[in-house]
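*Asks:* Turn this into a structure:
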Amino acid sequence: MKVVKLLVLISLFASVLASCKTAKEMPCDNAKAAELINMHGLDGCGWAIQLEDGTKLEPFNLKQFTDIELKDHKKIWVSYEDTEGYVSICMIGPIIKIVCLSER
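*Replies:* Below you'll find the predicted structure:
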C-alpha cells in the first residue's frame, strides 16, 4: 500500500513539474518567436532578427542584451518597438528598438 501511495505521489509531483515553464521558456510580454541572423556578409549589415513570417528586423540596441549569446539561427523571443528617424546602410528591414529578448 505504501508503494502505491509513493507512486501516486511521484506521478503527481512529476506532472506538476512538467506543467511548469522555466524562466528560459517564458517569453517576454507580447513577444514574437524569431531567430538571430548573422548578416555580416552584406555591406553595412550586422546582426538581424528574423520573425517566423520571414520579416527581417534591424535592432539598433542588440548589444545591450549581453546575456544572449550571438549565434546564427539562435531561436529567441523578442518584443520590440518600431522606430522613426533611424537610417541604415544595410536596408534589410525596419529598424527597431528591442524591449525584451530571451532564448527559446
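
*Asks:* What residues of stretch 57-69 count as buried?
*Replies:* Under the neighbour-count criterion of 16 or more other CB atoms under 10 Å, stretch 57-69 has 57-59, 62 buried. Every residue, glycine included, has its C-beta placed from N, CA and C.

*Asks:* which one of those residues is nearest residue 99?
*Replies:* Taking CB to CB as the measure, residue 99 sits nearest to residue 59 out of the buried residues of stretch 57-69, at 10.4 Å.

*Asks:* Tell me who's in contact with the closest one.
*Replies:* Taking CB atoms under 8 Å, 6 or more residues apart in numbering as the contact definition, residue 59 lies against 47-49, 80, 95-98.

*Asks:* Out of the buried residues of stretch 57-69, which sit inside strands?
*Replies:* Among those, the members falling in strands are 57-59 (criterion: DSSP state E).

*Asks:* so can I have TSV of those residues showing pLDDT and distance to residue 88?
*Replies:* Below are those laid out as TSV (pLDDT from 0 to 100; distance: CB to CB, whole Å):
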residue	pLDDT	distance to residue 88
57	98	11
58	98	5
59	98	11
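
*Asks:* follow-up on the earlier one: could you point out the member of the contacts of residue 59 that lies closest to residue 66?
*Replies:* Using CB to CB, residue 98 is the member of these that sits closest to residue 66, with 12.3 Å.

*Asks:* For the closest one, what is the enclosing helix or strand?
*Replies:* strand 95-103 (DSSP states H and E).

*Asks:* What of residue 33?
*Replies:* For residue 33, the element it lies in under DSSP H and E is strand 32-38.

*Asks:* partner strands of that strand, parallel or antiparallel?
*Replies:* Next to strand 32-38 in the sheet, as set by DSSP bridges, lie strand 47-51 (antiparallel), strand 75-82 (antiparallel).
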